[in-house]
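Visitor: Return atomic coordinates for the entry below.
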Amino acid sequence: MENVDQVVKNAGVLVEALPYIKTFAGKIFVIKCGGDILENHELTETILKDIVLLKYIGVYPVLVHGGSNKIDQVLNDFGTAPEFVKGFRVTDAVTMEICEMALNKINSDFVRLLNKMGGKSVGLTGSDGDMLIADKVAPVPDEKGEQVDLGHVGEIKNINPELVINLSNEGYIPVIAPVAVDFDNNPLNVNGDHVAGELAGALGAEKLVILAGEPGVVLDGKLISTLSAAKAQKLIEEGDLANDMVTKLESCITALWHKVNRTHIIDSNLGHSLLIEIFTDKGIGTMVTER
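Guide: Prediction:
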């Protein structure tokens, strides 16, 4: 009887998911995750299987990944200490080469694993089809108030989404590394969260889902389930959030400004959090809304 009860329960979950499947079929979802999930095989497998499932039921998933931990690791292997100012990685010419090397490795790992799990995936960087165009960011003040040139660090100025759209329509899952090019085709290191938000807008995505290593936006020990874009901007300006959460909220705000319908920050460590957020009535994490 216990096994039968579980089967019935599982059937109920499928029925609950049906209206969401009908609503989201043919829609684009931009999903952002950190490259560090690759260090956890079980977690990686769960997340990527969820993404492959989305593709099979008619959603068009686009995966944007980061790779800060891997970049730090490679820098340390080369005897260079990572340097940050105001949350930005100081990126000289050598560091830029290391960033590209580390991110290309992460990108190829994601593609290989998605293909192994039954997906049809292809890896991209911003130089492919001039997809991500950025300007070099202006110098920023350090803790002493001195202006620091960040080197090869960019801020997204334009996105050409045609390649991603065409690949998605051909049945592929695009996997995008956050390396952009400037208007002279020089590589620039760009923030993966910011890429995800801008890309979601350029693609006219239905959803932006950011997989974080935490439950969502937590204030005073309490998870905030819903935030308006205005409230999120206020939290950023108050300066009480960690840099990585700031960039995630900025990504959500950007996507909403570009008319993406829903944005979410959810816990990558929770099994099948992506499917729970998308296909159940409960929802998890923090949803950032226009109002």
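Visitor: burial of residue 3, as a residue count?
Guide: Residue 3: 7 surrounding residues under other CB atoms under 10 Å. Backbone N, C-alpha and C define where each C-beta goes, glycine included.
Visitor: ah, wrong one, I meant residue 186
Guide: The burial count for residue 186: 14, using other CB under 10 Å.
Visitor: likewise the one 5 residues further on?
Guide: One way to gauge burial is a neighbour count; for residue 191, by other CB under 10 Å, it gives 24.
Visitor: Dihedrals phi and psi, it?
Guide: The phi/psi pair for residue 191 (degrees, to the nearest 10) reads phi -70, psi 130.
Visitor: tell me the secondary structure for the residue lying closest to it once chain neighbours are set aside?
Guide: Counting by CB to CB, 6 or more residues apart in numbering, residue 191 lies nearest to residue 247, which is 5.4 Å off, once chain neighbours are set aside. The local conformation at residue 247, judged by DSSP: H, G, I helix; E, B strand; the rest coil, is helix.
Visitor: what's the pLDDT at the nearest residue to residue 65 once chain neighbours are set aside?
Guide: Once flanking residues are discounted, residue 65 sits nearest to residue 35: 5.1 Å by CB to CB, 6+ apart. Looking at residue 35, its pLDDT reads 83.
Visitor: Residue 35 touches residue 70, doesn't it?
Guide: Yes - between residue 35 and residue 70 a contact is recorded at 5.4 Å, counting by CB atoms under 8 Å.
Visitor: buried set for stretch 167-180?
Guide: 167-168, 172-180 (16 or more other CB atoms under 10 Å).
Visitor: ignore the last one, stretch 140-153
Guide: Quick answer for stretch 140-153 (16+ other CB under 10 Å): 140, 150-153.
Visitor: TSV please, covering those residues and showing distance to residue 77 and secondary structure.
Guide: Shown next, in TSV, are these (distance: CB to CB, whole Å; DSSP: H, G, I helix; E, B strand; the rest coil):
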residue	distance to residue 77	secondary structure
140	27	strand
150	22	coil
151	20	strand
152	20	coil
153	22	strand
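Visitor: Which of the residues you listed scores worst on pLDDT?
Guide: pLDDT across the buried residues of stretch 140-153 is lowest for residue 140, at 91.
Visitor: now that residue: how far from residue 244?
Guide: Look at residue 140 and residue 244: by CB to CB, to the nearest Å, they are 17 Å apart.
Visitor: burial of residue 225, as a residue count?
Guide: Neighbours of residue 225 using other CB under 10 Å come to 13.
Visitor: now swap in residue 73 and tell me
Guide: Neighbours around residue 73, by other CB under 10 Å: 16.
Visitor: give the contact list for it.
Guide: By CB atoms under 8 Å, 6 or more residues apart in numbering, residue 73 lies in contact with residue 102.
Visitor: next one: the one 10 residues further on
Guide: Listed by CB under 8 Å, 6+ apart, the contact set of residue 83 reads 89-90.
Visitor: Show me the shaky parts of the stretch 1-150 of the chain.
Guide: 1-2, 5-13 (pLDDT under 70).
Visitor: Tell me where it has helices.
Guide: 2-24, 41-56, 68-77, 93-116 (DSSP state H, counting those that start in this stretch).
Visitor: Quick one: closest of those helices to residue 255.
Guide: Closest of those to residue 255 is helix 2-24, at 16.2 Å (criterion: CB to CB).
Visitor: what about residue 277, which SS state?
Guide: helix.
Visitor: try the one 10 residues further on
Guide: Reducing the assignment at residue 287 to three states with three-state DSSP gives strand.
Visitor: what's across from it in the sheet?
Guide: For residue 287, the beta-bridge partners are residue 226, residue 264 (DSSP bridges).
Visitor: Would you confirm that it contacts residue 266?
Guide: No - Residue 287 lies out of contact with residue 266 (CB under 8 Å); the separation is 9.0 Å.
Visitor: quick one: which of the two has more around it?
Guide: Set residue 287 next to residue 266 and count neighbours by other CB under 10 Å: residue 266 wins out with 23 against 20.
Visitor: Pick out the residue closest to the middle of this protein.
Guide: In the chain, the residue lying closest to the centroid (CA atoms, centre = their mean) is residue 32, at 1.6 Å.
Visitor: returning to what we had before: compare the helices of the stretch 1-150 of the chain and give me the one nearest residue 238.
Guide: helix 68-77 (24.2 Å).
Visitor: and that closest one with helix 93-116, angle?
Guide: Per axes from the mean of the first three to the mean of the last three CA atoms, to 10 degrees, the angle that helix 68-77 makes with helix 93-116 is 130 degrees.
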